[in-house]
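Student: Sequence and predicted structure below; questions after.
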Amino acid sequence: MPHRLVNKADFERLLGARHWARSAHFAVHHLPEPATRTVWRLAENGGGKLSTDLAPTHPQPVDSSPEEQWIGCVVPKRHAKRAVTRNLLKRQVRGAFERHAAALPAGLWLVRLRQPFPVAEFPSARSEALARAACQELDGLLAPPAR
């Protein structure tokens, strides 16, 4: 099961990379690199209380390759106005990666919604038709024959 990307640096690296695949509504970015590791540390003078500061990150050794998949999704408000729609699309992205994880190489993955779905075709913010359309498009992007 793929892990979720959480670091801003990972998102920025992926958005700076060329897209791996693209469809009418989505773009997929991939980097065969490990995720940036962040380690939470205990406060030095807080007597064992947790600190919200992040410990410095340590880069991976040069010869190590990523062994896992890390996924992230970007669904901007300008393309999906309602939170219900954004959450639906993010769930579809995570589900597509779970279905196709075995066929995809390890590394960092990012799916970006690049065009809104037409409101005339999908008037409901959370409809089965929108879920099916997004699922079909994502499966087409991530399926092995498409690559």
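Tutor: Thanks, I have the structure now. Residues are numbered from 1 along each chain as shown.
Student: what's the spacing between the host helix or strand of A133 and its chain's center?
Tutor: Element membership of A133 [criterion: DSSP states H and E] is helix 128-142. Counting by C-alpha atoms, centre = their mean, to the nearest Å, helix 128-142 is centred 16 Å from the centre of its parent chain.
Student: Show me which residues of that helix are buried.
Tutor: Neighbour counts using 16 or more other C-beta atoms under 10 Å place 130-131, 133-135, 137-138, 141-142 of helix 128-142 among the buried residues. Where C-beta positions appear, they are placed from N, C-alpha and C, glycine not excepted.
Student: That one packs against which elements?
Tutor: With contacts taken as 3 or more C-beta pairs under 8 Å, 6 or more residues apart in numbering; DSSP states H and E, helix 128-142 sits against strand 19-22, strand 26-31, helix 83-100.
Student: Can you tell me which of the ones you listed is nearest to R13?
Tutor: Nearest to R13, of all the helices and strands packed on helix 128-142, is strand 26-31, at 6.2 Å by C-beta to C-beta.
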